[in-house]
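Participant: the following comprises the amino acid sequence and a computationally predicted model.
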Amino acid sequence: MAERPGVLRDDVDEVLARLREELTAGTEPLTAARIAEVVRTSGRALGAETTRRLVTSLRDELVGLGPLQRFVDQPDVTDVLVDGRRRIWIDGTGGLTDTGVRLESEEQARGLARRLISLSGGRLDEGHPCADGRLGPCRIHAVVPPVAVEGTLISVRVARGAQAGLEDLARQWAARDQWLALIRGIVEKRMNVLISGATGSGKTSLLAAMLGTCPSGERIIVVEDTTEMLPDHPHVVHLQGRAGNVEGAGRIEMGELVRQTLRMRPDRLIVGECRGAELRDFLAAMNTGHQGAAGTVHANSPEAVPARLAAMGALGGMAPESVALQAAAALDVVIHVERRGGRRMPVAASVVRHREGRLHMEPALVDDAVGPQGPAWEELKVRAGITERSGQAERGGSACQTWRDGS
């Protein structure tokens, strides 16, 4: 059916704005059925196609994750992104891909971003143009103009990888059997571990999978800036940081949450991501008897971890020498993860050393052309309880000889 000539684009935009205001001002739950009913009873003689577009636009803007929901629902998608030109991109096993779908207008993009942040308990406007939030398994980040120069930016991180089991993740790994034996040994022997890597490299997913292998009788307390880690374990407690209000009051820092966990009888203390001054409290906790602790940190390589820790320690008022001493005493091993060819995997394990007042990462298990073993491998193997029997269990009897041969 053709549209009425009298229904112009300006008229549709005006109707859309009025219907949006009516729906968001009401107290009834926003559902697709309610949106369709409000459009039909709007009092305007709209053609069938215009009515359909209005219903679709309002539903996408006001229900669920809107036009992003269908991409979030795809099982192999880990990130859904809206750029400043309103294009929707997805990332996952196939790499970063333009979906060919665009939001209709900057107003729709900004309205979607504000709604998602509002539903997660946050605030997004010109006075607070950057915000984080969480909706179900999704972590939401949004930036609006003028900070976002081209237009509103939305980033959705789907946390389904943070719920995967260790065996599921290991299907993507090179040297799968070696890494499984090592990681299981680290968990079983309650070694303190830091997982390093770049953004999107799989740090949180690996840590969550490791926690899923912990004994069911252990109490795990997870501290995160925004809750993302969802390990498959019967006793997990989450603490989440909180931003301040307009005046800056009410902010709860990560360091304060780490200190609170020490009064909550943790068997394992987990800091989802070490970013700043909370490192001081995390290291102090590990150095006062809290074994089996773990966290993640952004770093380009294992060798870059000492500098990252020194920078974070400085934010907490720690001198570099103090950070080196505390970290060497607290941390047993650093596992570095990378994304290669769309696969996320561990590529290096290092033992933490303190030498001449500085922190060093001594390679133990490495993934390069030289071979899989570093100089600290024998020590780490003993500390993780990796025996010939455990190696045979992983590879049907051939693993330990292969490891000794460095192939």
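Facilitator: Sure, I can see it.
Participant: just the endpoints, please. Distance across stretch 108-128?
Facilitator: Length of stretch 108-128, first residue to last, Cα to Cα, to the nearest Å: 19 Å.
Participant: give me the buried positions along that stretch.
Facilitator: 108-117, 120, 122, 124 (16 or more other Cβ atoms under 10 Å). Bear in mind the C-beta positions are built from the backbone N, C-alpha and C, glycine included.
Participant: so which of these sit within helices?
Facilitator: Members of the buried residues of stretch 108-128 lying in helices (criterion: DSSP state H): 108-117.
Participant: please produce TSV containing these, extended by pLDDT and distance to residue 296.
Facilitator: Compiled in TSV, these are given as follows (pLDDT from 0 to 100; distance: Cβ to Cβ, whole Å):
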residue	pLDDT	distance to residue 296
108	87	35
109	93	30
110	92	32
111	88	33
112	90	29
113	93	26
114	91	30
115	88	30
116	91	25
117	90	24
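Participant: so which of those comes closest to residue 34?
Facilitator: Nearest to residue 34 among those, counting by Cβ to Cβ, is residue 115 at 15.5 Å.
Participant: state the distance from that closest one to residue 135.
Facilitator: Computed as Cβ to Cβ, to the nearest Å, the residue 115 to residue 135 distance reads 10 Å.
Participant: any weak-confidence spans in the stretch 251-400 of the chain?
Facilitator: Scanning the stretch 251-400 of the chain for pLDDT under 70 picks out the ranges 368-371, 388-400.
Participant: please, where are all the strands along the stretch 151-300 of the chain?
Facilitator: 153-158, 193-197, 220-224, 236-240, 268-271, 294-298 (DSSP state E, counting those that start in this stretch).
Participant: start to end distance for stretch 243-251?
Facilitator: Span of stretch 243-251 from end to end, Cα to Cα: 5 Å.
Participant: right, and residue 176 touches residue 169 too?
Facilitator: No: judged on Cβ atoms under 8 Å, residue 176 makes no contact with residue 169 at a distance of 9.7 Å.
Participant: comparing those two, which residue is more hemmed in?
Facilitator: Neighbour totals were compared for residue 176 and residue 169, and residue 169 leads with 24 against 17 (other Cβ atoms under 10 Å).
Participant: tell me the domain ranges of the chain?
Facilitator: Using the TED database, the domain ranges for the chain come out as 19-55, 67-158, 166-384.
Participant: and those domains: which comes nearest residue 61?
Facilitator: domain 67-158 (5.4 Å).
Participant: contact partners for residue 380?
Facilitator: 182, 333, 349, 351, 364-365 (Cβ atoms under 8 Å, 6 or more residues apart in numbering).
Participant: buried residues, stretch 235-252. List them.
Facilitator: 236, 239-241.
Participant: now the strands for the stretch 301-407 of the chain?
Facilitator: Using DSSP E, counting those that start in this stretch, strands in the stretch 301-407 of the chain cover 333-340, 343-355, 358-366.
Participant: would you map the helices across the stretch 1-150 of the chain?
Facilitator: 9-25, 32-40, 48-62, 69-72, 106-119 (DSSP state H, counting those that start in this stretch).
Participant: of all those, which lies closest to residue 260?
Facilitator: Of the helices of the stretch 1-150 of the chain, the one closest to residue 260 (Cβ to Cβ) turns out to be helix 106-119, at 25.8 Å.
Participant: tell me what the closest one is packed against?
Facilitator: If you count contacts as 3 or more Cβ pairs under 8 Å, 6 or more residues apart in numbering; DSSP states H and E, helix 106-119 packs onto helix 48-62, strand 130-135, strand 138-143, strand 153-158.
Participant: got a list of contacts for the third one?
Facilitator: Applying Cβ under 8 Å, 6+ apart, the contact partners of strand 138-143 are 65, 72, 113-114, 116-117, 120, 124, 129-134, 152-159, 226, 228.
Participant: just the buried ones from those residues, in ChimeraX syntax?
Facilitator: In ChimeraX, a selection of the buried entries from those looks like this (16+ other Cβ under 10 Å):
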select :65,72,113,114,116,117,120,124,131,132,133,134,152,153,154,155,156,157,158,159,226,228
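Participant: who's in contact with residue 115?
Facilitator: 61-62, 66.
Participant: one more time with 10 Å, if that's ok
Facilitator: Neighbouring residues of residue 115 by Cβ atoms under 10 Å, 6 or more residues apart in numbering: 24, 30, 61-63, 65-66, 124, 142.
Participant: which of those residues sit farthest apart?
Facilitator: Of all pairs in the contacts of residue 115, the most separated under Cβ to Cβ is 30 and 142 at 19.3 Å.
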